[in-house]
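**Q** Quick one: sequence plus predicted model below, questions after.
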Amino acid sequence: MAVDYAVIVVYLAGMLAMGWWGMRRARSKSEFLVAGRRLGPSLYSGTMAAIVLGGASTIGGVGLGYQYGLSGAWMVFTIGLGLLALSVFFSARIARLKVYTVSEMLDLRYGGGRAGIISGVVMWAYTLMLAVTSTIAYATIFDVLFDMNRTVAIVLGGSIVVAYSTLGGMWSITLTDMVQFVVKTIGVLLLLLPIAVVKAGGFSEMKAQLPTEYFDPLGIGGETIFTYVLIYTFGMLIGQDIWQRVFTARSDRTAKWGGTVAGTYCLAYALAGAVIGTAAKVLYPKLGSPDDAFATIVKDELPVGVRGLVLAAALAAVMSTSSGALIACATVANNDIWSRLRGLGTAPAENADDHDEVKGNRLFILVMGLAVICTAIAIDNVVEALTVAYNLLVGGLLVPILGGLVWKRGTVHGALASVAVGGLAVIVLMATYGILANEPVYYGLLASLAAYLVVSLATPATDAAVLTAWRGRLAGRSPELASEPTPRVPVES
């Protein structure tokens, strides 16, 4: 195990070193939050794949393969489909907006008002819980490695992510994510996948040992697949953690084709996780929990050195999602909530007071990071917490965001009604049917859509000046003066 420990320690030290190096590049708000909007195709593809494929996709994906066979790939598969849809249909327009948050996009499209801050609160809750659930996963990995206490493991793993994220912002996260992408590719796709299949006796032996439904591509169930599409595919289209990576692209072409490559990689990763889990079912048919499959097969079947690299891959998966969610959470908290409460407006100048902007955002990452670690220590049910976050995100924000991108008749009143009705419906239905039920996101989304359509058609159309400014930004024309406020439509009380 000494070699495995050495691999992990070197990996963690490398993450901190890259955080320090990234600090030297993050001299402005743009550099700190969106890596100067100048990532090329290779960096963009690698970091986008890294953020969407976290601990749930790696450890959870193997667990679903253990439980359902090849159809266990559907959860991660729908994440890949969402990333493909975002990249092909929306990423170029999103990148041209030159904003920092989803809420700033809503301000541009609808003319300001309350839609931005309300959506900011919902998005902040989502990114916070995403960071928390990612941070909790450190306990599982460090328990396998060092038999470490849960609280100590969370503090250790969380502190490393908070440290390099605070130091260099998006530049540090980009560099670490690229390393994490390479480590995941080698550890999971090139090492664990073939070793697991060979140890299980090959595909012919796996088919002989397991029920036929383990090889049914729809074995997990149509309703489950549909729910995955609603939550994960649509969640990929509107999440701040994903959009903030789109904002880093150097060009429209990079955002579109780089994201397409990352989405395709996700599809391959989904199948790999399901196959590994299926192999683990042959090797260990009576594990106490499906989520133990990854750690068990790594611990018992891999040789020294390789085991350390694969565990580093799992750690990389958790860290990439955790750091992406953390900077998204801090960006929303600072730009969409705190700055609005202080009356600083919605569109600060790109280069105004860069030093103070960087210090402010760095402080917010530190504060949000401490909040994430404390919440991760205190929380018990990870699945329920993440389900609440995704239900609120999709039920409350999907319609006004996508509606604003594709339907010019949508209004700020319709957007507000959509967020309020969809969010309230999700909360009430979760209390009625249970947090893990499918009905809250189904009916909440329908209620949000109905409110958006009815209220938008019943209220005056968005001001022509707002739409003109919006179309100009979509076309890639920067605002004439960053200090000029975005045209606003009055919102009736």
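**A** Received it, and whenever you're ready, just let me know what you need. Residues are numbered from 1 along each chain as shown.
**Q** With only the CA atoms kept, save stretch 51-60 in PDB.
**A** Taking C-alpha atoms only, stretch 51-60 is exported to PDB below (Å, rounded to 0.1, in the frame of the first residue of the first chain):
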ATOM      1  CA  ILE A  51     -16.700  18.800 -14.200                       C
ATOM      2  CA  VAL A  52     -19.800  16.800 -15.400                       C
ATOM      3  CA  LEU A  53     -18.200  13.400 -14.500                       C
ATOM      4  CA  GLY A  54     -17.900  13.600 -10.800                       C
ATOM      5  CA  GLY A  55     -18.100  11.100  -7.900                       C
ATOM      6  CA  ALA A  56     -21.700  10.300  -8.700                       C
ATOM      7  CA  SER A  57     -20.900   9.500 -12.300                       C
ATOM      8  CA  THR A  58     -17.800   7.300 -11.300                       C
ATOM      9  CA  ILE A  59     -18.700   5.600  -8.000                       C
ATOM     10  CA  GLY A  60     -22.400   5.900  -8.500                       C
END
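**Q** Now do it: distance to the chain's middle.
**A** 10 Å (Cα atoms, centre = their mean, to the nearest Å).
**Q** Make 37 the starting number, not 1.
**A** Done: numbering now begins at 37, and the last item shifts to stretch 87-96.
**Q** any idea of the mean pLDDT in that stretch?
**A** For stretch 87-96, mean pLDDT rounds to 84.
**Q** who's in contact with it?
**A** For stretch 87-96, the external contacting residues (Cβ atoms under 8 Å, 6 or more residues apart in numbering) are 111-112, 115-116, 119, 169-170, 173, 176, 213, 220, 224, 272, 277-278, 281, 298, 302, 305-306, 309, 327, 330-331, 349-350, 353-354, 356-358, 360, 422. Where you see a C-beta, it was placed from the backbone N, CA and C, and this is true even at glycine.
**Q** Any buried residues in it, and which?
**A** Within stretch 87-96, the residues that count as buried by 16 or more other Cβ atoms under 10 Å are Ile87, Val88, Leu89, Gly90, Gly91, Ala92, Ser93, Thr94, Ile95, Gly96.
**Q** try stretch 478-488
**A** For stretch 478-488, by 16+ other Cβ under 10 Å, it's Tyr478, Tyr479, Gly480, Leu481, Ala483, Ser484, Leu485, Ala486, Ala487, Tyr488.
**Q** Which helix or strand lies directly C-terminal to whichever strand or helix holds the second one?
**A** Assigning secondary structure by DSSP states H and E places Tyr479 in helix 475-494. Per DSSP H and E, the first helix or strand lying C-terminal to helix 475-494 is helix 500-510.
**Q** So which elements touch that next one?
**A** helix 127-132, helix 138-146 (3 or more Cβ pairs under 8 Å, 6 or more residues apart in numbering; DSSP states H and E).
**Q** Among these, which comes closest to Ala244?
**A** Minimum separation from Ala244 across the helices and strands packed on helix 500-510 (Cβ to Cβ) falls at helix 127-132, 44.5 Å.
**Q** For that closest one, give the mean pLDDT please.
**A** For helix 127-132, mean pLDDT rounds to 90.
**Q** got any ranges where the stretch 137-286 of the chain has weak pLDDT?
**A** 148-151, 176, 180-181 (pLDDT under 70).
**Q** which one of the buried residues of stretch 87-96 is nearest Arg132?
**A** Checking those against Arg132 with Cβ to Cβ, the nearest one is Ile87 at 21.1 Å.
**Q** Quick check: buried residues in the helix or strand where the closest one lies?
**A** Following DSSP H and E, the helix or strand that holds Ile87 is helix 77-88. Neighbour-count burial for helix 77-88, counted by 16+ other Cβ under 10 Å, picks out Pro77, Leu79, Tyr80, Ser81, Gly82, Thr83, Met84, Ala85, Ala86, Ile87, Val88.
**Q** what does stretch 314-329 give?
**A** Within stretch 314-329, the residues that count as buried by 16+ other Cβ under 10 Å are Thr314, Ala315, Ala316, Lys317, Val318, Leu319, Leu323, Pro326, Asp327, Asp328, Ala329.
**Q** Name the residues that touch that stretch?
**A** 95-96, 98-103, 105-106, 108, 176, 232-233, 235-237, 241-242, 245-246, 250, 312-313, 330, 332-333, 336-337.
**Q** about what we covered before: in helices only, show me the buried residues of stretch 314-329.
**A** Thr314, Ala315, Ala316, Lys317, Val318, Leu319, Ala329 (DSSP state H).
**Q** Many thanks, I have nothing further to ask.
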